[in-house]
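Peer 1: coords please:
(2 chains)
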2 protein chains.
Amino acid sequence: MASFKKYRVDSNFRLSQVHPGESPFLEGDEAAQVAEIDALAIELDEMQDLLHAEGRRKVLLVLQGMDSSGKDGTIRWVFSRTSPMGVRVTAFKAPSDDERAHDYLWRCHAVVPRSGEIAVWNRSHYEDVLVPVVEGWIDKAETRRRYAQINDFERLLIETGTVIVKCMLHIGKDEQRERLQARIDTPGKQWKFDLGDLEVRTKWNAYQQAYGKALRATSTEHAPWYVIPADNKRHRNLMIARLLMKTLRQMKLKVPPADPALKGMVVK
Amino acid sequence: MASFKKYRVDSNFRLSQVHPGESPFLEGDEAAQVAEIDALAIELDEMQDLLHAEGRRKVLLVLQGMDSSGKDGTIRWVFSRTSPMGVRVTAFKAPSDDERAHDYLWRCHAVVPRSGEIAVWNRSHYEDVLVPVVEGWIDKAETRRRYAQINDFERLLIETGTVIVKCMLHIGKDEQRERLQARIDTPGKQWKFDLGDLEVRTKWNAYQQAYGKALRATSTEHAPWYVIPADNKRHRNLMIARLLMKTLRQMKLKVPPADPALKGMVVK
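Peer 2: From the prediction side, this is the model:
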């Protein structure tokens, strides 16, 4: 079975060492792959029940990636069998005036998972070390300060019972072109298309560079980044589902022990 | 096929006219029923995609019922195939100090669905015309004022694009005894048990009466109440899934029309 090691970001990591078209986690034929994704989704639902029953710890899944890299689709398929009661998804957009009037972690802190919950962030606080860097709104010193603030924020969450899984959905520039073109050409998909995505696309290299730096600076021992080759959608879903399941299994979640005080109690 | 008419609350409705053990919507054998629930869950996912694509309207599903009546299970099964991105579940607990410092609709208004979203309320603002009535914290005049405030609040939501579906999960007192007893006797289920549920159970008749009055007073033309016979879990899931699907079909959701401005556009 493929290893996550190559895809875990360390201080020497270069985004260019992972090809977006790789698919190391795909084995067998398509039917077997689809069946595995579904089996993992069902197991994830069971794990979520245990997380809820235990009621002490929290899980935060952070999804980052360029436009059309498949963040929505990942959520759709990885959580295709989980009760929506236990999963809270937040899609972070461009900040509102109210959000801009606070520090950039304020809106994120407001939606961290509560005990027993899985929170999924579709984009995240990492947007604030990507867009402002590419646009030149913040200088290198401020960018470094933010990396440190982010690491501190995540350490707080970890020390108070949260397990954090961070995935960067890595697609190639050609694959993005095809996906955006398909949105333009397919009437039923046009609502997904945003002219702004073309503007961001012209800054592709600057974004790749900003991603590389941010990933290296914030891939810590307790909240490492994983780069997910994402040109192949099935590979992306399978790799993220496996990574999440590996993490949940390591948590050794258990239903709380029987309460002796309830022994023999009869409801009237 | 069974009709919803008998279960729709009007001004003459009495809770006693619906037996919790009825199962008019169950047809065929168990396998066929399970398959229908799953097929409805898959269609619901498609409808949610359309609701999101259209991006104008909202859906609010309100679930009320006595302890162990199956609110969690309903959410688990009716939304077993829907991406958690499009469904936001709020479980209303006893109000916090901060919530108590505001009017009772404040915390509800904060979590109404946004455009394109389905919100599910596990308990709701209706708790505020049940608990305080049974406990005698508010008098008849205040209760009547609250009914009117609730109807006004829901009309605001409806007039601004929300479709509201309200279900009262109706279980019998014997069925509740069995469910609570099972929670006590099964170590893996004990975490679901709350001693406070036994206290509420002693006021069963007062709650049934408070429910009857509240349902009659707030079952409006645009936001009617449906009473769901819920002793049988499969019946409960199937009836609610069918009711929700009927409502969504009536909305005639459509993907927005093709944008002529995008015709022939090429991504570089």
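Peer 1: how close does the closest residue to residue A:229 other than its chain neighbours sit to residue A:7?
Peer 2: Leaving aside its chain neighbours, residue A:229 sits nearest to residue A:22 (4.1 Å; criterion: Cβ to Cβ, 6 or more residues apart in numbering or on different chains). In short, each C-beta sits where N, CA and C put it, glycine included. Using Cβ to Cβ, to the nearest Å, we find residue A:22 at a distance of 9 Å from residue A:7.
Peer 1: ok, residue A:25 next?
Peer 2: Counting by Cβ to Cβ - residue A:25 and residue A:7 are separated by 10 Å.
Peer 1: residue A:189 too?
Peer 2: For residue A:189, the distance to residue A:7 (Cβ to Cβ) stands at 29 Å.
Peer 1: in terms of neighbours, single out the busier of these two.
Peer 2: Set residue A:189 next to residue A:7 and count neighbours by other Cβ atoms under 10 Å in any protein chain shown: residue A:7 wins out with 24 against 14.
Peer 1: was I right about the more buried one contacting residue A:230?
Peer 2: No: at 11.2 Å, residue A:7 does not count as touching residue A:230 under the criterion of Cβ atoms under 8 Å.
Peer 1: for the stretch 1-150 of chain A, which segments count as strands?
Peer 2: Shown for the stretch 1-150 of chain A, the strands assigned by DSSP state E, counting those that start in this stretch span residues A:58-65, A:87-91, A:118-122.
Peer 1: and residue A:36, how close does it get to chain B?
Peer 2: When Cβ to the nearest Cβ, to the nearest Å is applied, the distance between residue A:36 and chain B equals 18 Å.
Peer 1: the residue nearest to residue A:229 reaches residue A:230, doesn't it?
Peer 2: No: checked against Cβ under 8 Å, the pair residue A:22 and residue A:230 is beyond contact range at 9.7 Å.
Peer 1: ok, the two, which is more surrounded?
Peer 2: When neighbours are counted by other Cβ under 10 Å, residue A:230 comes out ahead of the other of residue A:22 and residue A:230, with 30 against 19.
Peer 1: give me the pLDDT for that one.
Peer 2: Predicted confidence (pLDDT) for residue A:230: 98.
Peer 1: who touches it in this structure?
Peer 2: With contacts defined as Cβ atoms under 8 Å, 6 or more residues apart in numbering or on different chains, residue A:230 is in contact with A:20, A:65, A:69, A:70, A:169, A:170, A:171, A:236.
Peer 1: and it, backbone torsions?
Peer 2: Here the main-chain torsion angles of residue A:230 (degrees, to the nearest 10) amount to phi -130, psi 10.
Peer 1: list the contacts of residue A:53.
Peer 2: Residue A:53 is in contact with A:116, A:253, A:255, A:256, B:188, B:191, counting by Cβ under 8 Å, 6+ apart.
Peer 1: of those, closest to residue A:11?
Peer 2: Nearest to residue A:11, judged by Cβ to Cβ, of the contacts of residue A:53 is residue A:253 at 31.6 Å.
Peer 1: helix/strand/coil for that closest one?
Peer 2: Following DSSP: H, G, I helix; E, B strand; the rest coil, residue A:253 is assigned to coil.
Peer 1: isn't it up against residue A:50?
Peer 2: Yes: checked against Cβ under 8 Å, the pair residue A:253 and residue A:50 is within contact range at 3.9 Å.
Peer 1: among the two, which residue is more densely surrounded?
Peer 2: Applying other Cβ under 10 Å to residue A:253 and residue A:50 shows that residue A:253 carries more neighbours, namely 19 against 16.
Peer 1: quick one, what contacts that one?
Peer 2: Contact partners of residue A:253, counting by Cβ under 8 Å, 6+ apart, are A:47, A:50, A:51, A:53, A:54, A:57.
Peer 1: and those, which is closest to chain B?
Peer 2: Taking Cβ to the nearest Cβ as the measure, chain B sits nearest to residue A:53 out of the contacts of residue A:253, at 4.8 Å.
Peer 1: host element of residue A:166?
Peer 2: Applying DSSP states H and E as the criterion places residue A:166 in strand A:162-170.
Peer 1: now that strand and strand A:118-122, what's the angle there?
Peer 2: Using axes from the mean of the first three to the mean of the last three Cα atoms, to 10 degrees, one finds that strand A:162-170 and strand A:118-122 are set 30 degrees apart in direction.
Peer 1: need the contact partners of whichever helix or strand comes after strand A:162-170.
Peer 2: Moving toward the C-terminus from strand A:162-170, the next helix or strand (DSSP H and E) is helix A:173-185. Helix A:173-185 is touched from outside by A:20-21, A:66-69, A:171, A:189-190, A:192-193, A:197-198, A:201, A:204, A:231, B:262, B:265-268, with contacts defined as Cβ under 8 Å, 6+ apart.
Peer 1: please point out which parts of the next helix or strand after helix A:173-185 sit buried.
Peer 2: Once helix A:173-185 ends, the next helix or strand along the chain (criterion: DSSP H and E) is helix A:195-201. In terms of neighbour count (16 or more other Cβ atoms under 10 Å in any protein chain shown), helix A:195-201 has its buried residues at A:197, A:200, A:201.
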